[in-house]
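1. below: sequence and its predicted model.
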Amino acid sequence: RVELFEQEQSLRQCWGDDIPPFSPAIQLEADRAADHWRGTPRSASVETNTTEWTRGLSPSWFAHLASSYRNRKDEKYARAARAIYTYSLEQAEKEMAEGAWVRNPLIIPHRLGDTEVLGWFGALPEFLESAVFDEPFLDRIIASARLQLNTIADHLYEARNIRMTQSDALFTEGTRLSFLPESAHWRDIGLRALNDAFHRQFHPDGASVEATGWYHYIVLNMARRYLRLKRRRPELGLQVTPQQVAASLEYLVALVQPDGQFTRIGDCTAHVYPHRTLADILALRRKIRHELDCPDTPPSLTQVFPDAKQIMTRDRWEAGATYIAFDATHRSGFHWHPARNAIQLFFAGVRIIADPGRLSYRDSPQRRYACSTRGHSTMNLNGWNQSDSDASLRHRSAEGYEIIDAQYDGGYWLPRPHGYGPGLF
């Protein structure tokens, strides 16, 4: 109990406190969670910006309850948290027996805690003072986590942001649970895979390989978090650099439309949580650039990303701006859509030409439309899809003009569940 608290405090001194500041809105949500989890646990289907959360557990409940218990010491919040842990433990035991972590490799890191999600061990230190969290219950939580961490350490996902998130959880939980004999092994695997990800997940132009807003935001937050840790603990050997974080920050800002939401290139939609407006994003940029000792200069009106093959341009950094996102995206990730030469347009802050974004991850007519060429504002033949072949992209500027010239010549192909059917060039 003492070591859990001390290790969490040590991490928070490096990368900050993930428990949200207490407010009436936070308490209201905590009260709702307490009411929901009074008595028999009940599931409520929840879909978030990233994935469908297993068994209907909202990732925000732990954060709201932890913040409210920290500030009010009302045991109803600890009782609700224990009910959620109990329900989650039961589901974890069932999923480990079924091998559900193979189908959804984010179940374990999101459940236990990572940069994206507070999870079991991000919230647990707040409840250690409560008698509700007795020693046998803590032992059960730790025993389950031990099994789950050994599982992902032995079966680390092969690539992409999923591998990076699993590595993040291995290192973080390996630090929090440093009293366990396997913890050094978890930290070692996590650290090695994170350093590999810092090398592979980011293009030189600042875009990440998924080249879409929400997934870039995830890996940027990880890079920023581990850069903070590197500065406090250089002996760890973390390979993330301030230059990577600064370039990735510019890509994030470019992806945000005048309305404060992400441009819909690829599998993306919604706000840059918890930020709600373009002004919030610009304030975040100033804050991070200050951390990086970068000058407080405004971002360029036109931002070109030759590795991702995307260009975003606007006439001013205000909510009422005219904004164009040009998509000739190189396929280097899973969340790409076949939409070369598609554009999105805001005029005077109003969306004029749209992109479907992800719509959903469940197989449905809407999902198939979102992942098709015909669902985007680009030339289409027969309702068929573009191939994975790259497009060319050139950008030139003249006074008062931005010139974007792209060429896709990879043909159009009949969609099939796996691969392509007959097509034409």
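-> Perfect, thanks for sending it.
2. surely residue 324 is in a strand?
-> Yes: Residue 324 forms part of a strand when assessed by DSSP: H, G, I helix; E, B strand; the rest coil.
3. show me what contacts it?
-> Counting by C-beta atoms under 8 Å, 6 or more residues apart in numbering, residue 324 touches 311, 312, 313, 314, 343, 344, 345, 346. To be clear about C-beta, it is placed using only N, CA and C from the backbone, and glycine gets the same treatment.
4. distance of the residue nearest to residue 147 when sequence neighbours are not counted from residue 336?
-> Spatially, and ignoring its direct neighbours in sequence, residue 147 is nearest to residue 96 (6.2 Å; C-beta to C-beta, 6 or more residues apart in numbering). Here residue 96 is placed at a distance of 32 Å from residue 336 (C-beta to C-beta, to the nearest Å).
5. could I have the buried ones of the contacts of residue 324 as ChimeraX selection syntax?
-> Selection of buried members from those for ChimeraX, criterion 16 or more other C-beta atoms under 10 Å:
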select :311,312,313,314,343,344,346
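6. need the contacts of residue 324 in JSON lines with pLDDT, can you?
-> Listed next are these as JSON lines, based on pLDDT from 0 to 100:
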{"residue": "311", "pLDDT": "98"}
{"residue": "312", "pLDDT": "98"}
{"residue": "313", "pLDDT": "97"}
{"residue": "314", "pLDDT": "97"}
{"residue": "343", "pLDDT": "96"}
{"residue": "344", "pLDDT": "97"}
{"residue": "345", "pLDDT": "97"}
{"residue": "346", "pLDDT": "96"}
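7. of the contacts of residue 324, closest to residue 126?
-> Among these, residue 312 lies closest to residue 126 (C-beta to C-beta), at 39.9 Å.
8. thinking again about what came up before, how distant is the helix or strand where the residue nearest to residue 147 lies from the center of its chain?
-> Using DSSP states H and E, residue 96 sits in helix 75-98. Mean C-alpha position of helix 75-98 versus that of the full chain (C-alpha atoms, centre = their mean, to the nearest Å) differs by 24 Å.
9. list the buried residues in it.
-> By neighbour count with 16+ other C-beta under 10 Å, helix 75-98 contains the buried residues 76-85, 87-89, 91-92, 95-96.
10. tell me where the stretch 251-400 of the chain has helices.
-> Taking DSSP state H, counting those that start in this stretch as the criterion, the stretch 251-400 of the chain carries its helices at 278-291, 365-370.
11. hey, which of those is tucked in deepest?
-> helix 278-291 (a mean of 16; mean count of other C-beta atoms under 10 Å).
12. helices or strands up against that one?
-> Applying 3 or more C-beta pairs under 8 Å, 6 or more residues apart in numbering; DSSP states H and E, one finds that helix 278-291 makes contact with helix 213-232, helix 242-254.
13. the ones you listed into JSON lines, with extra columns for mean neighbour count, distance to residue 304 and mean pLDDT?
-> Shown next, in JSON lines, are the helices and strands packed on helix 278-291 (neighbours: other C-beta atoms under 10 Å; distance: least, C-beta to C-beta, whole Å; pLDDT from 0 to 100):
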{"stretch": "helix 213-232", "mean neighbour count": "21", "distance to residue 304": "16", "mean pLDDT": "96"}
{"stretch": "helix 242-254", "mean neighbour count": "21", "distance to residue 304": "9", "mean pLDDT": "98"}
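14. tell me which of those helices approaches residue 385 most closely.
-> Comparing those by C-beta to C-beta, helix 213-232 comes nearest, at 21.3 Å.
15. please state the offset of the closest one from the chain centre?
-> Chain-centre distance of helix 213-232: 10 Å, with C-alpha atoms, centre = their mean.
16. counting by contacts, list what it packs against.
-> helix 2-15, helix 160-176, helix 183-200, helix 242-254, helix 278-291.
17. tilt between the shortest one and helix 278-291?
-> If I follow you right, that is helix 242-254. Using axes from the mean of the first three to the mean of the last three C-alpha atoms, to 10 degrees, one finds that helix 242-254 and helix 278-291 are set 170 degrees apart in direction.
18. can you offset everything so residue one is 21?
-> Right, with 21 as the first residue, what we last looked at is helix 262-274.
19. looking at the contacts of residue 344, which are in strands?
-> Per DSSP state E, strands hold the following members of the contacts of residue 344: 331, 332, 333, 334, 363, 364, 365, 366.
20. of all those residues, which comes closest to residue 92?
-> Lowest distance from residue 92 to the ones in strands among the contacts of residue 344 (C-beta to C-beta) belongs to residue 366, with 42.9 Å.
21. any idea how far residue 279 is from the closest residue to the closest one other than its chain neighbours?
-> Nearest residue to residue 366, sequence neighbours excluded (C-beta to C-beta, 6+ apart): residue 343, at 4.1 Å. Counting by C-beta to C-beta, the separation of residue 343 from residue 279 is 9 Å.
22. common neighbours of these two, please.
-> Joint contacts of residue 343 and residue 279 (C-beta under 8 Å, 6+ apart) are residue 366.
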